[in-house]
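Enquirer: Below is the sequence, then the predicted model.
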Amino acid sequence: MFAGVIWSEIGQATLETLYMVGVSTLLAVILGLPLGVVLYLCAPGSLLENRWVYQAASVVVNIVRSVPFIILLIAIIPLTEWLVGTSIGVNAAIVPLVVGAAPFYARIAETSFREVDPGVIEAAQAMGASVWQVIFRVLLPESRPGLIAGATITAVTLISYSAMSGVIGGGGLGDLAVRYGYERFETNVMLITTAVMVVLVQVLQWLGDRAALYFARRSR
Amino acid sequence: MVVHFSALVGQMSLDIDYEQRSKGEMFVISLQNVTLTYRTGHRLIPALRDVSLEVHAGEVFGIIGYSGAGKSTLLRCINLLERPQSGQVWVDGVDLLSLRKRELQKQRKKIGMIFQHFHLLNSATVRDNILFPLRLAKTPVAEAERRVAELLELVGLTGYERHYPSQLSGGQKQRVAIARALANFPKVLLCDEATSALDPETTQSILDLLREIHRQFGVTVVMVTHEISVVQRVCHRVAVMDQGRMVEVGRVVDVFLRPQAEVTRRLLGWTNAEGVGADLPEQVFREGTLVCELAMAGEAAQSPLLFQAAREAGVTCSILRGTVDAIQDTPFARMVVAWYGDAKQVQAAVRRLEAHGAAVRWLNKAERMLAADEAGMK
Ligand SMILES: Nc1ncnc2c1ncn2[C@@H]1O[C@H](COP(=O)(O)OP(=O)(O)OP(=O)(O)O)[C@@H](O)[C@H]1O
Ligand SMILES: [Mg+2]
């Protein structure tokens, strides 16, 4: 009875979710990585030690990360409207997802950088490398497995966050689940969308693990 | 009066500058009155206290001392990985402390460095590790590739281009690190405990490689170590560090023959911490037996000098403990000798040994004084 209509809707929602998660992971990494570099470089005892910059960046990251996503979602509606022109729909959902995930990724990146052997960085400096060269030729390549694993964690987290954005009509599987399952008590739809999300997470994690392992196996 | 005084001060500082400048230009490495204090929380750790160091071009220079003596800190001042709070650092005629960041980075390309734990890029192949400094120096690709092949051959790792550091043994990793350090034809090679993480056999092979590199390219080598045998095998001169001070510096043979500082004697194993000669059992000193330490280098170490001297003086002796090995290619003998016979005649025998360049130190307290008295009378 529901088959014909719903399956196409589920397919559509899956694509929307993939799109949202894909774009927002990408943007979160693009914004979070430099922020992670700043956190790492300005940390006490690091290459460009700077207490004020580090504290400022750290506080901003902590604030964004401690606000529950559902609140963040609503709180930044003005920003979303200004950026995308609307506060509903798939594109509008990407804004809060990125704002929520970028600081998260920045911390993961910072942690990965800290795991790089300081001796290797020192060796590079002894060879006459500048700070930029240290970042691009040592820090980033040496922490690649950690950065990839971090991107996977971020993407997986974003799948469940993206479901929450259904609350503001963000589209995707979460939206579908809310509309059919929560508002109309069609439990089947809720179960199916949840199952699809489980599969997505599994596939994503598997891919991420393989990629991280590929680079980790070569180094160390 | 005031004018006069300030003029004098001006003159003095001019002289000092001139002196440091000329030293900076005379030696490949010249550190003048370097002081460095670490601050951890509220504690101040004086790692270097007014240390001056001069290394000649083409020299293999050792820095030795116990853990925490400040050896690494001193070495790291040479390429300013550590910036001293006061003093001067000259390398290859350039006052490094006066340089801006960019210029310092340029100078550092002339100073190679290797470490105890190799510090290779784990994410890069052997080839990419060696290419690293060449890329920093913007070497043209074809030339860089040629250089990598050349260096790999030098360190005996041809065919390992595509290996990752994790696939190499410690000795092989250090060879890659050496190749990397030499990539830009450095004037100076700094080694911080380069063999301390390796087994004795690998240590020997790395030391051989360093000697070979020194022989082929005449690169000036400064090596920090806590192993006296490393200094003995490859260094021309050695500095001894103790608690942030340089307590002794000189040719290795001289330092080994006549160690001046207590720390040096301890490092050489001539005395134990209490200052008792070579921790001999008390019985040895009974019945007025005269006991001395004896060190001889070169010809003297090879010939039967000891027994000749004893025979001519009409006394007998026995060797309680002794080794003959080499300081680089110079034979070096060290022994503890017990003498039997008339004290005056023993003195005569010992004086004959000293005339041949032997270093003597009495282990009986009274006799040591006697020797000192005699020296004072001369
Ligand atoms: N980054 C640092 N911060 C604070 N103290 C330091 C630092 N590096 C070294 N020190 C201290 O400075 C002193 C000299 O250290 P250094 O590493 O030069 O000794 P070392 O002679 O090389 O010893 P080892 O043989 O153990 O390597 C030690 O007391 C050490 O604890
Ligand atoms: Mg050290």
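Expert: Right, received. Where do you want to start? Numbers count the residues shown, from 1 in each chain, chains lettered A, B, ... in the order given. Ligands and ions are numbered 1, 2, ... in the order given.
Enquirer: Which strand or helix spans the closest residue to ligand 1 within chain A?
Expert: Residue nearest to ligand 1 within chain A (Cβ to the nearest ligand atom): A:Gly45, separated by 8.6 Å. (Each C-beta comes from the backbone N, C-alpha and C, glycine too.) Using DSSP states H and E, A:Gly45 sits within no helix or strand.
Enquirer: And it, how far from chain B?
Expert: A:Gly45 sits 11 Å away from chain B, going by Cβ to the nearest Cβ, to the nearest Å.
Enquirer: Tally up the residues packed near that residue, please.
Expert: 6 (other Cβ atoms under 10 Å in any protein chain shown).
Enquirer: Write out the residues of the stretch 101-250 of chain B neighbouring ligand 1.
Expert: B:His226 (Cβ under 6 Å from any ligand atom).
Enquirer: So which bits of the stretch 101-250 of chain B are right by chain A?
Expert: Selection of the stretch 101-250 of chain B residues close to chain A by Cβ under 8 Å from any Cβ of the partner chain yields B:101-102, B:105-109, B:111, B:113, B:115, B:117, B:119-124, B:132-133, B:135-137, B:164-166, B:180, B:184, B:190.
Enquirer: just the helices in chain B please.
Expert: B:2-26, B:71-78, B:101-108, B:126-136, B:141-154, B:170-182, B:200-217, B:228-234, B:252-257, B:262-268, B:299-302, B:305-313, B:343-355, B:365-377 (DSSP state H).
Enquirer: A:Gly128 contacts B:Lys138, doesn't it?
Expert: No. Applying Cβ atoms under 8 Å, one finds A:Gly128 not in contact with B:Lys138, separated by 11.2 Å.
Enquirer: Looking at those two, which one has more neighbours?
Expert: Of the pair A:Gly128 and B:Lys138, A:Gly128 is the one with more neighbours under other Cβ under 10 Å, namely 21 against 7.
Enquirer: mind listing what that one touches?
Expert: A:Gly128 makes contacts with B:Gln105, B:Lys106, B:Gln107, B:Arg108, B:Lys109, B:Pro133, B:Leu136, B:Ala137, as judged by Cβ atoms under 8 Å, 6 or more residues apart in numbering or on different chains.
Enquirer: Now do the first one: how many residues are near it, please.
Expert: It stands for B:Gln105. 18.
Enquirer: Now the closest residue to it other than its chain neighbours, what are its backbone angles?
Expert: Once flanking residues are discounted, B:Gln105 sits nearest to A:Gly128: 4.2 Å by Cβ to Cβ, 6 or more residues apart in numbering or on different chains. Main-chain torsions, A:Gly128, degrees, to the nearest 10: phi 100, psi 20.
Enquirer: what about A:Gly128, distance to B:Pro186?
Expert: According to Cβ to Cβ, to the nearest Å, A:Gly128 and B:Pro186 sit 10 Å apart.
Enquirer: tell me, what's touching the two both at once?
Expert: What both A:Gly128 and B:Pro186 touch, as defined by Cβ under 8 Å, 6+ apart, is the set B:Lys109.
Enquirer: Drop anything exposed from the residues of the stretch 101-250 of chain B next to chain A.
Expert: Neighbour counting by 16 or more other Cβ atoms under 10 Å in any protein chain shown classes B:105, B:107-109, B:111, B:113, B:115, B:117, B:119-124, B:132-133, B:135-136, B:164-165, B:180, B:184, B:190 among these as buried.
Enquirer: Need the contact partners of the lowest-mean-pLDDT helix or strand in chain A.
Expert: Here the helix or strand of chain A ranked lowest by mean pLDDT, DSSP states H and E is helix A:183-184, holding a mean of 76. Counting contacts by Cβ under 8 Å, 6+ apart, no residue outside helix A:183-184 touches it.
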